[in-house]
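got a predicted structure plus its sequence, pasted below:
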Protein chains: 2
Amino acid sequence: MRETIGEDHPTCRLRDVLDRVGDKWSVLVMDLLGDGPKRYSELQRAIAGISQRMLTLTLRSLERDGLVERTVTPTSPPRVDYALTPVGRTLSSQIAGLIAWARQHRDYVAASRARYDAS
Amino acid sequence: MRETIGEDHPTCRLRDVLDRVGDKWSVLVMDLLGDGPKRYSELQRAIAGISQRMLTLTLRSLERDGLVERTVTPTSPPRVDYALTPVGRTLSSQIAGLIAWARQHRDYVAASRARYDAS
DNA sequence: CAGAATCCGGCCAGATACTG
DNA sequence: CAGTATCTGGCCGGATTCTG
C-alpha cells in the first residue's frame, strides 16, 4: 500500500521536505556544492540571475534543514564557506541525477513543446 | 569543465526543464503516474489539496513537455486517462528516488529544523 | 565580502461559478 | 466527469540601500 502523498506525519510532512527539494534555487545550490565547498561570492557568480536576497534565504533554509554547513572565518573582509553535510551529500547526488536527466532530455522537451504549441 | 547553470542553450534552457521538474505539483503527479495510468478524478483524490485549476494546468504542461499522454474516451460522462510517455517514465523513476530520499530523511530534516529554530 | 532591512509590483494559486 | 473562465489577494522575488 502506497502512502497518500498529501498525508500528515507526526513530526514533518513529506511534502515540506519535497517543497525544499523542489525549490528552484535550492536545486541549483545543492548541485554546485556537490563539487565541493564554495564561498558565498562563488555561488553568486556561478548561479546566473540569483539575487543576494534569494541566495541568502536559500542558504539559510538549507542550513536549517541540516543539508548545508556554514563556516565563518572572521578575517577582514570576512570569509564564509558553505559545504554539504553528509546527509546533504546524499540529496545532492539525487539532484545530480535529475540534472543529468534534464541535460539528456532537454532537446526532447524542447521539441515536444514546439509541436504542442504548433497545434 | 562544468556547464554554467544559468547558461543559455540554442533550443531550450536547462533551467526551463529543471523548473518543470522542480514544480511542486508536477513532482507529485509524475510520482503517482509512475504506478500506472490514472483518471483525472483519481489524481485529484490522491493529491490532497490540489485545486482543479492547478491539476489541469499541471497536466497540460506535462503533456506539452511530452512527459504525459492524455487519452479521452468520449463516453458520457467523458473519461480521461493520463499515462506516462516512455521519456516520462525515465523522469518518474528519478523522481521516485527523490521521494524515497525525502521519506528516509524526513525525521532528520525535522530534527535539524527544530534545533535551528531553538537557537 | 557577506550579508540585513525595507519597499514594492507582478504573478500565481485558490476560490467560485459555469458547461459539454 | 472533466474540465474552462474569471476574479482577487497574498506572497514571493527583485531592486535598492546600508553595514560590520
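Cool, the structure landed. Source: prediction; values computed, not measured.

show me the shaky parts of chain A.
A:1-12 (pLDDT under 70).

swap the cut-off to 50 and go again
Within chain A, the stretches with pLDDT under 50 are A:1, A:7-12.

DNA strand D contacts on that one?
Contacts of chain A with DNA strand D, taken as Cβ under 7 Å from any atom of the strand, map to A:Asp23, A:Lys24, A:Gly49, A:Ile50, A:Ser51, A:Gln52, A:Arg53, A:Met54, A:Leu57, A:Pro77, A:Pro78. Yep, even glycine has a C-beta here, placed from its N, CA and C like the rest.

ok, now with 6 Å
Chain A comes close to DNA strand D at residues A:Ser51, A:Gln52, A:Arg53, A:Met54, A:Pro77, A:Pro78, as judged by Cβ under 6 Å from any atom of the strand.

which parts of stretch A:46-61 are buried?
Buried residues in stretch A:46-61, counting neighbours by 16 or more other Cβ atoms under 10 Å in any protein chain shown, are found at A:Ala46, A:Ile47, A:Ile50, A:Met54, A:Leu55, A:Thr58, A:Leu59, A:Ser61.

would JSON lines of these with distance to DNA strand C and secondary structure be doable?
Formatted as JSON lines, the buried residues of stretch A:46-61 follow (distance: Cβ to the nearest atom of the strand, whole Å; DSSP: H, G, I helix; E, B strand; the rest coil):
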{"residue": "A:Ala46", "distance to DNA strand C": "12", "secondary structure": "helix"}
{"residue": "A:Ile47", "distance to DNA strand C": "13", "secondary structure": "coil"}
{"residue": "A:Ile50", "distance to DNA strand C": "12", "secondary structure": "coil"}
{"residue": "A:Met54", "distance to DNA strand C": "10", "secondary structure": "helix"}
{"residue": "A:Leu55", "distance to DNA strand C": "8", "secondary structure": "helix"}
{"residue": "A:Thr58", "distance to DNA strand C": "11", "secondary structure": "helix"}
{"residue": "A:Leu59", "distance to DNA strand C": "6", "secondary structure": "helix"}
{"residue": "A:Ser61", "distance to DNA strand C": "11", "secondary structure": "helix"}
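
from these, which single one is nearest DNA strand D?
Using Cβ to the nearest atom of the strand, A:Met54 comes nearest to DNA strand D of those, at 3.8 Å.

grab the nearest non-local neighbour of that closest one.
A:Trp25 (5.6 Å; Cβ to Cβ, 6 or more residues apart in numbering or on different chains).

count the residues that sit near that neighbour.
For A:Trp25, the neighbour count with other Cβ atoms under 10 Å in any protein chain shown is 20.

tell me if the helix or strand containing it is near DNA strand C.
Assigned by DSSP states H and E, A:Trp25 belongs to helix A:24-33. No: remark: helix A:24-33 sits outside contact range of DNA strand C, by Cβ under 6 Å from any atom of the strand, the gap being at least 11.7 Å.
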